[in-house]
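>>> Pasting the sequence and the predicted model now:
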Amino acid sequence: MKAAVRVLSIAAILALVMGILGSGAVFASARTANWVVSVTYQNVGTGPATIVVDFYPEGNGTPINFNPLGTGNTLAAGAGTSFFIGNVSGLPASFRGSAVMSSDQPLVATVVQFSNDAGFKMRMLSNGFQSTDGSNQVLVATALLNKFSRTTVFSIQNTESQDVKATVKLYDADHNGNMAASKDWVIPAGSSKYIEMDNAALTGLPSSTTTFNGSAIVTAVMNSDGTTAAKVVAAASEMYTNKNVAANFEGMPLSRASNTMNMATGLCQKFGLDSFYAVQNASLTTSAQISVKYYDTNGAEFANDPATGTYTIGPGQKQSITTCNAKPKAAGATMVGFTGSAVITSVGAPIVAIGKAQGSAGAGPATADVFTAFLGEPNGYSKLGLPFVRWANDANYNAATNMGSKQRTALAIQNLDGTSIKVNVQYFGKDGGSPLGTETLTIPPRAKANSSPSTAGVLGTTGENSGEFGYYTDGKFGGGVVIQADASNPNAHFIAISRVQNPGAGEDYNGLSVP
């Protein structure tokens with residue numbers, strides 16, 4: 001039986017618009033950049049994997065077939081690799097759409113979206129979906145139009161074998177959370193529809209709308225009868241309109257909404273970063289009352305937001321949370337310098353949440369354009385896969401010419417249990433087989449711990465990849481991680497996010513459940 005991985009938004013090729021300001025500076029915008037994609041994937045099964053990919057142009061249910069490994073080749077257990085869609089025969093330079101990867105072994109995949117335009121360091125990251133992730137209701141926790149100098153583009157992919165009708169509803173956080181627009185789209189099997197928040201014809205917002213700050217809910221039915229529930233998935237890009245910075249995140253199916261959301265990272269002026277959460281009410285009818293608790297790296301409750309009471313979020317609406325605004329429990333304590341994790345609790349309707357981390361004001365050039373997005377998680381897992389893990393050596397990482405092509409990955413792993421747990425972080429190279437090394441971590445209750453190729457001792461020792469992980473002397477790439485509960489606590493629950501960073505830019509993605 002083949003397991004399908006749905007990969008969204010695999011190419012968003014946009015025209016580059018450059019305006020010359022009065023000062024003679026070049027006006028840069030992630031929204032108008034040319035974007036291309038590599039798909040990084042890892043075999044997390046026990047045997048060699050045969051893999052095929054079907055690409056679907058936007059609005060077209062006829063697939064373009066691709067064998068990323070070449071005829072007759074397989075991917076070894078544990079091995080990770082990637083393909084660049086610019087090398088896929090049959091895809092035009094203007095391709096925009098979706099894809100379905102199929103494998104006879106369990107597979108995890110992360111989309112790496114980047115721009116070769118001058119001045120870009122970003123590697124926007126989002127995960128592929130398993131077939132079971134499709135839902136007749138998908139939540140996009142934040143959707144912006146020229147708000148905070150950012151605009152959102154999100155895509156909806158049909159995971160059914162026939163046409164579906166998807167309804168996109170937008171809720172306006174700046175106007176009492178009222179529903180501001182509703183628009184229907186028919187999407188062919190396997191294909192996708194892109195919703196550009198700055199295009200009124202696609203959003204249904206009044207053409208006079210110049211800014212929007214809110215959230216979106218997508219519902220779907222079979223187009224054949226207009227009533228039978230249908231399954232879709234969604235992913236989003238949030239792009240600055242005034243600089244070369246952007247981030248990707250996935251839409252959340254209703255099945256992942258919960259009265260508890262765990263956020264693996266909380267920061268306030270730590271490592272040059274602050275964190276923020278967008279919390280969305282997943283219900284179409286019932287309000288949610290939410291509160292946030294922050295835990296330090298020892299698992300102790302450190303701060304609350306709000307200090308007293310709760311925030312009330314109406315149906316479909318969102319609430320924005322800033323970690324630095326939380327109130328520490330201890331008298332005289334400050335949030336400045338905080339690093340830890342958070343738990344968001346809802347009374348009433350279930351919720352979903354998106355976390356973001358970005359450079360603190362005045363933090364300096366190393367994190368000035370770091371802008372990340374990651375998902376809140378309702379439940380923990382006992383095994384996770386992270387297919388895109390890299391570590392550049394000092395010379396390559398700090399080189400003036402390093403415009404994002406050489407990165408470093410650090411993992412944040414949050415214990416969701418009420419007791420300490422032990423996890424094994426296994427690092428695999430491009431050829432799979434046995435792990436190159438394993439880092440074992442003991443994590444206190446509700447606390448987080450960190451791992452990296454450097455701390456795990458898996459860096460290369462010879463050749464041009466000396467001091468590196470995931471980069472090879474033959475020019476190939478590939479390195480992934482599997483995090484597994486130790487045999488001493490096989491049912492331990494944890495979550496993880498991966499931060500992929502180079503000086504001046506960075507992005508996050510969530511660890512993926514492994515069966």
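Sure thing, it's come through. Residues are numbered from 1 along each chain as shown.

>>> When you work out contacts or count neighbours from here on, use the C-alpha atoms and nothing else.
Will do.

>>> quick one, helices of the stretch 351-500 of the chain?
Secondary structure of the stretch 351-500 of the chain (DSSP state H, counting those that start in this stretch): helices located at 394-397, 453-456.

>>> Any chance of CSV for the ones you listed, columns distance to S498 and mean neighbour count?
Converted to CSV, those look like this (distance: least, Cα to Cα, whole Å; neighbours: other Cα atoms under 10 Å):
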stretch, distance to S498, mean neighbour count
helix 394-397, 18, 14
helix 453-456, 12, 19
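
>>> wait, which of those is closest to V347?
helix 453-456 (40.0 Å; Cα to Cα).

>>> Go ahead and name everything in contact with the closest one.
For helix 453-456, the external contacting residues (Cα atoms under 8 Å, 6 or more residues apart in numbering) are R390, W391, T409, A410, Y427, G437, T438, E439, L459, F469.

>>> go with 7 Å
By Cα atoms under 7 Å, 6 or more residues apart in numbering, the surrounding residues in contact with helix 453-456 are W391, G437, T438, E439, L459, F469.

>>> What's the local residue count around the closest residue to M122 other than its chain neighbours?
Counting by Cα to Cα, 6 or more residues apart in numbering, M122 lies nearest to A505, which is 5.8 Å off, once chain neighbours are set aside. Neighbour count of A505, defined by other Cα atoms under 10 Å: 27.

>>> can you check C324 too?
Close neighbours of C324, defined as other Cα under 10 Å, add up to 20.

>>> I'd like the distance between the closest residue to it other than its chain neighbours and A447.
Using Cα to Cα, 6+ apart and skipping the chain neighbours, the partner closest in space to C324 is C268 (5.2 Å). According to Cα to Cα, to the nearest Å, C268 and A447 sit 16 Å apart.

>>> neighbour count winner among the two?
A447 (28 against 25).

>>> wait, isn't that one in contact with E301?
No - applying Cα atoms under 7 Å as the test, A447 and E301 come out as separate, 9.5 Å apart.

>>> could you measure L145 against E468, distance?
From L145 over to E468 (counting by Cα to Cα), the distance is 40 Å.

>>> ok, residues contacting stretch 311-329?
141, 171, 173, 177, 214-215, 217, 266-268, 275-291, 302-307, 334-335.

>>> Buried among the residues you listed? Make that a PyMOL selection.
Command for PyMOL, covering only those of the contacts of stretch 311-329 found buried under the criterion 16 or more other Cα atoms under 10 Å:
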select buried, resi 141+171+173+177+214+215+217+266+267+268+275+276+277+278+279+280+281+282+283+287+288+289+290+291+302+303+304+305+306+334+335
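
>>> still on that earlier bit, which residues touch the residue nearest to M122?
K121, M122, T367, D369, V370, F371.

>>> Relative to R150, how far out is the first one?
In this structure, K121 and R150 are 17 Å apart, going by Cα to Cα.

>>> what sits against the residue nearest to C324?
The contact partners of C268, by Cα under 7 Å, 6+ apart, come to D274, S275, T323, C324, M335, V336, G337, F338, T339.

>>> one step back: want to throw the contacts of A505 into a markdown table with distance to G359 and neighbour count?
Below are the contacts of A505 laid out as a markdown table (distance: Cα to Cα, whole Å; neighbours: other Cα atoms under 10 Å):
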| residue | distance to G359 | neighbour count |
| --- | --- | --- |
| K121 | 15 | 25 |
| M122 | 14 | 30 |
| T367 | 5 | 22 |
| D369 | 6 | 21 |
| V370 | 6 | 25 |
| F371 | 7 | 28 |
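
>>> So for stretch 167-176, first residue to last residue, what's the gap.
21 Å.

>>> which outside residues touch it?
177-185, 212-220, 316-318.

>>> Can I have the buried ones of those as a ChimeraX selection?
Selecting the buried subset of those in ChimeraX, with 16+ other Cα under 10 Å as the burial test, is done by:
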select :177,178,179,180,181,182,184,185,212,213,214,215,216,217,218,219,220,316,317,318
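
>>> just the strands in the stretch 251-400 of the chain please.
252-253, 260-268, 273-281, 288-296, 301-305, 311-313, 318-322, 327-328, 338-348, 351-359, 371-375, 383-386 (DSSP state E, counting those that start in this stretch).

>>> ok, the fourth one: who's next to it in the sheet?
Each strand that pairs with strand 288-296, with its direction, by DSSP bridges: strand 301-305 (antiparallel), strand 311-313 (antiparallel), strand 338-348 (antiparallel).

>>> which sections of the stretch 151-300 of the chain are below the confidence cut-off?
Filtered on pLDDT under 70, the stretch 151-300 of the chain yields no residues whatsoever.

>>> what ranges do the helices span in it?
With DSSP H, counting those that start in this stretch, the ranges of helices along the stretch 151-300 of the chain come out as 200-203.

>>> So R256 sits against N379, correct?
No - counting by Cα under 7 Å, R256 does not reach N379; the two are 8.4 Å apart.

>>> if we can go back for a sec, what residues are shared contacts of A447 and E301?
With Cα under 7 Å, 6+ apart, A447 and E301 have common neighbours Y295.

>>> Next, G299: phi, psi?
Backbone torsions of G299, given as degrees, to the nearest 10, read phi 90, psi 10.

>>> That one - how many residues pack around it?
By the measure other Cα under 10 Å, the count of residues near G299 is 21.

>>> So what does the closest residue in space to it that isn't next to it in sequence have for phi and psi?
In space, and not counting its chain neighbours, G299 is closest to A447: 4.0 Å by Cα to Cα, 6+ apart. The phi/psi pair for A447 (degrees, to the nearest 10) reads phi -90, psi 170.

>>> What's the separation between A447 and T285?
As judged by Cα to Cα, A447 and T285 stand 34 Å apart.

>>> quick revisit: out of the contacts of helix 453-456, which comes closest to M239?
Taking Cα to Cα as the measure, M239 lies nearest W391 of those, at 25.9 Å.

>>> which residue packs closest to that closest one, ignoring adjacent ones?
Spatial nearest neighbour of W391, chain neighbours left out: R408 (4.2 Å); criterion: Cα to Cα, 6+ apart.

>>> Show the contacting residues for that neighbour.
R390, W391, A392, V500, Q501, N502.

>>> Quick one: residues contacting the second one.
Meaning W391. Taking Cα under 7 Å, 6+ apart, we find W391 in contact with Q407, R408, T409, P453, E468, F469, G470.

>>> doesn't V52 make contact with F66?
Yes - counting by Cα under 7 Å, a contact exists between F66 and V52, whose distance comes to 6.1 Å.

>>> what bridges to M261?
Beta-bridge partners, per DSSP bridges, of M261: I344.

>>> Count residues in the vicinity of the closest residue to T438 other than its chain neighbours, would you?
Counting by Cα to Cα, 6+ apart, T438 lies nearest to Q426, which is 4.4 Å off, once chain neighbours are set aside. As a burial measure, Q426 scores 22 neighbours (other Cα under 10 Å).

>>> was I right about Q426 contacting G433?
No - look at Q426 against G433 with Cα under 7 Å: they stay out of range, at 11.4 Å.

>>> In stretch 333-343, which residues are buried?
Neighbour counts over stretch 333-343 (16+ other Cα under 10 Å) mark T334, M335, F338, T339, G340, S341, A342, V343 as buried.

>>> For beta bridges, what are the partners of Y509?
The partner residues for Y509, given DSSP bridges, come to S498.

>>> Contact partners for it?
Contacts here follow Cα under 7 Å, 6+ apart; on that basis Y509 touches L125, S126, F374, I497, S498, R499.

>>> Quick check: the fourth one vs I354, distance?
From I497 over to I354 the distance is 12 Å, taken as Cα to Cα.
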